[in-house]
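Peer 1: 3D model of this:
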Amino acid sequence: DTLVARVDLKADRVAGALIVKRCTWERDAPANARAALDRQLRLMADWLELDGVIA
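Peer 2: Numbers count the residues shown, from 1 in each chain. Here you go, the predicted model:
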């Protein structure tokens, strides 16, 4: 429900990966934001039928 980071992503279908090109965290991001973002990126990679996430 809260904006914690801005993430620039690229779906590289040849490599089969969702690539995090840039991640900028908000100053007040909670301590658990990294783990939550990792879970959401994995869900997005699955949705795009990619094998993994490269951060």
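Peer 1: so the spatially most central residue of the chain, which of the three states?
Peer 2: Residue closest to the average C-alpha location in the chain (CA atoms, centre = their mean): residue 41, at 3.6 Å. At residue 41, secondary structure determined by DSSP: H, G, I helix; E, B strand; the rest coil is helix.
Peer 1: give the contact list for it.
Peer 2: Residues in contact with residue 41 (CB atoms under 8 Å, 6 or more residues apart in numbering) are 7, 9, 18, 20, 53, 55. Every C-beta, even on glycine, is put in place using the N, C-alpha and C of the backbone.
Peer 1: highest neighbour count among the residues you listed?
Peer 2: The residue in the contacts of residue 41 with the most neighbours, by other CB atoms under 10 Å, is residue 18 (22 neighbours).
Peer 1: just checking: what are the partner strands of the helix or strand where it lies?
Peer 2: Following DSSP states H and E, one finds residue 18 within strand 17-25. According to DSSP bridges, strand 17-25 forms sheet pairs with strand 5-12 (antiparallel), strand 52-54 (parallel).
Peer 1: which one of those is the most hemmed in?
Peer 2: The highest mean neighbour count among the strands paired with strand 17-25, using mean count of other CB atoms under 10 Å, belongs to strand 52-54: a mean of 16.
Peer 1: skip the chain neighbours and tell me the closest residue to residue 36.
Peer 2: Leaving out its chain neighbours, the residue that sits closest to residue 36 by CB to CB, 6 or more residues apart in numbering is residue 4, at 7.6 Å.
Peer 1: next, count neighbours for that neighbour.
Peer 2: Number of residues near residue 4 (other CB under 10 Å) recorded here: 15.
Peer 1: that one against residue 23, yeah?
Peer 2: No - in this structure, residue 4 is not within contact of residue 23 by CB atoms under 8 Å, at 10.2 Å.
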